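Trainee: Task: produce atomic coordinates for the following.
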Amino acid sequence: MQFEELDINKHILRALKEEEYSVPTPIQEKAIPLILNRHDVLGSAQTGTGKTAAFAIPILQHLFYDRRQNNSPRKINALIVTPTRELAIQIGESFTTYGKYTGLKNTVIFGGVNQNPQVQAVKRGIDILIATPGRLLDLINQGFIKLGDIEYFVLDEADRMLDMGFIHDIKKIIALLPKKRQSLFFSATMPDNIVALSKTILKNPKKVEVSPVSSAAETLKQYIYYTNKDTKKDLLLYILEDQRINQVLLFSRTKHGADRIARVLAKKKIKAAAIHGDKAQNRRQKALQEFKDGIVRVLVATDIAARGIDIDKLHYVINYDIPNIAETYVHRIGRAGRAGDEGISISMCEPEENAYIKDIEKLIRKKIEVVENNPFPQTDKPMTTKEKQAFEKEKNKKRQEYFQARKKKKTVW
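Mentor: Okay, here's the model as predicted:
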């Protein structure tokens, strides 16, 4: 199926063609017709499936035709609520890209920065507002934003929204929306509390579900190194000696861990940056932009911060820490190998994390390929001086074998 077959107007199609979008993803193919027919939609889709376009394209089309029939001053007719600054910015960029020939205007509001530019953008007149919950309620309470004209409402990344403690803010926002509206609800996972929340937002929704959370893209190859906690740093540097790994998104479990890893890499002259909730917004955006531009080779991220990261043609994801929730692993590795491209996931597992790998393999219903040529293998007891010397000798031997194999292009990746 082509986008032309989805009854999308010529102005949006023109923008899609310029972005070289021709074939819709499964969630786009399923959701766009339903939204164009003004159904409420309950969408379940993992990261990287194209769900932003699945709701942005039909909303733009609705608003485009609405404005042609009613040429009154601009009012906020569409509201998209999402949990993080980075994701809000990304969604705003998507609306701008797909709607560049529609004449529609959008703006993004989020906390952690001066509110004046955001307030001025709203005052100048917009059709679409993309917002994080806290800043949205703040500007509503100050009287700068009113939701009485909302016709299209999207709650995106609902599971992450609840994980971050936004449930009460979401309920306050929903209470301010007009009863008559089209509502779209997207979540990567659908536990009972998410389903219960969706029932308070949607009316007779059509359910769209693609690429369940237990799966990863077929084009994504998964590898694992079993190592020790005190050798993870050395293993990471060893992996990064392969210069073909020129752009990698690396996951750390904690903010402090992300900063520590970035410092270790910087000392070894590997350009790296950390991105997490404690970083100032301008520093986070600078790090992300430098990563996209290829200036930063390794972007170290926590799971929450990474929700807003969407990198075209990203091939490598490294799990420095194995997540204790199996679904999180699938979300992480889904950052690579998108839209049919090949990708590689490399995980580094210490003994305390072995049980997490078992849970992950049970969820994805496959064994992750173990890298046997590992100079830092997992051990379950401290080594004597003699054992350490033998270990170093064997490590150097394996390193030589590794680089010889690389020259012959026989490495696992």
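Trainee: Run through the stretch 301-413 of the chain and note the low-pLDDT ranges.
Mentor: When residues are selected by pLDDT under 70, those of the stretch 301-413 of the chain lie in 304-305, 307-310, 312, 338-340, 380-384, 387-388, 395, 398-399, 402-403, 405-413.
Trainee: From Arg14, how far off is Ala280?
Mentor: To Arg14, Ala280 is 38 Å away according to C-beta to C-beta, to the nearest Å. Backbone N, C-alpha and C define where each C-beta goes, glycine included.
Trainee: Ok, Ile344 next?
Mentor: If you measure Ile344 against Arg14 using C-beta to C-beta, the figure is 35 Å.
Trainee: what's the answer for Gln120, then?
Mentor: Here Gln120 is placed at a distance of 30 Å from Arg14 (C-beta to C-beta).
Trainee: And the strands in the stretch 301-413 of the chain?
Mentor: For the stretch 301-413 of the chain, the strands defined by DSSP state E, counting those that start in this stretch occupy 316-319, 343-349, 369-370.
Trainee: Give me the residues contacting the longest one.
Mentor: Residues from elsewhere that reach strand 343-349 (C-beta atoms under 8 Å, 6 or more residues apart in numbering): 216-217, 219-227, 232, 235-236, 239, 314-322, 329, 332-333, 336-337, 356-357, 368, 378, 413.
Trainee: in its sheet, what does that strand sit against?
Mentor: Note on strand 343-349: by DSSP bridges, its sheet partners are strand 220-226 (parallel), strand 316-319 (parallel).
Trainee: Output those as a markdown table; include the columns distance to Lys292 and mean neighbour count.
Mentor: Below are the strands paired with strand 343-349 laid out as a markdown table (distance: least, C-beta to C-beta, whole Å; neighbours: other C-beta atoms under 10 Å):
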| stretch | distance to Lys292 | mean neighbour count |
| --- | --- | --- |
| strand 220-226 | 20 | 21 |
| strand 316-319 | 14 | 24 |
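Trainee: so which of those strands comes closest to Lys271?
Mentor: In terms of C-beta to C-beta, the element of the strands paired with strand 343-349 nearest to Lys271 is strand 316-319, at 14.7 Å.
Trainee: Tell me where the stretch 101-250 of the chain is predicted with low confidence.
Mentor: Across the stretch 101-250 of the chain, the ranges flagged by pLDDT under 70 are 211-217.
Trainee: how close does the closest residue in space to Phe376 that isn't next to it in sequence sit to Ala287?
Mentor: Beyond its immediate neighbours in the sequence, the residue positioned closest to Phe376 (C-beta to C-beta, 6 or more residues apart in numbering) is Thr231, lying 4.0 Å away. Here the distance between Thr231 and Ala287 works out to 27 Å (C-beta to C-beta).
Trainee: could you dump the strands paired with strand 343-349 to TSV with distance to Leu184?
Mentor: Supplementary listing: the strands paired with strand 343-349 in TSV, determined by distance: least, C-beta to C-beta, whole Å:
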stretch	distance to Leu184
strand 220-226	27
strand 316-319	28
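Trainee: Can you check which of those strands gets nearest to Pro73?
Mentor: Comparing those by C-beta to C-beta, strand 316-319 comes nearest, at 46.0 Å.
Trainee: burial count for Lys10?
Mentor: Lys10 is flanked by 9 other residues according to other C-beta atoms under 10 Å.
Trainee: Please report how far it lies from Tyr101.
Mentor: Spatial separation of Lys10 from Tyr101 under the definition C-beta to C-beta is 8 Å.
Trainee: same check, this time on Asn37
Mentor: Taking C-beta to C-beta, one finds Asn37 at 23 Å from Tyr101.
Trainee: what about those two, which has more around it?
Mentor: Looking at Asn37 and Tyr101 with other C-beta under 10 Å, you find the greater number of neighbours at Tyr101, namely 16 against 10.
Trainee: For the stretch 101-250 of the chain, just list every one of the helices.
Mentor: Counting by DSSP state H, counting those that start in this stretch, the stretch 101-250 of the chain forms helices over residues 116-124, 133-141, 158-163, 167-176, 192-201, 232-239, given from the N-terminal end onward.
Trainee: Could you count how many residues lie near Asn282?
Mentor: Here the neighbour count serves as a burial measure; for Asn282 (other C-beta under 10 Å) it reads 10.
Trainee: can you offset everything so residue one is 241?
Mentor: Will do, 241 is the new start, and the previous item becomes Asn522.
Trainee: Does Ile414 touch Ile441 like I think?
Mentor: Yes. Proximity of Ile414 to Ile441 meets the contact threshold set by C-beta atoms under 8 Å, at 6.1 Å.
Trainee: more neighbours, the two?
Mentor: Ile441 (20 against 16).
Trainee: and the more buried one, what does it touch?
Mentor: Applying C-beta under 8 Å, 6+ apart, the residues contacting Ile441 are Phe393, Leu395, Ile414, Ser423, Phe425.
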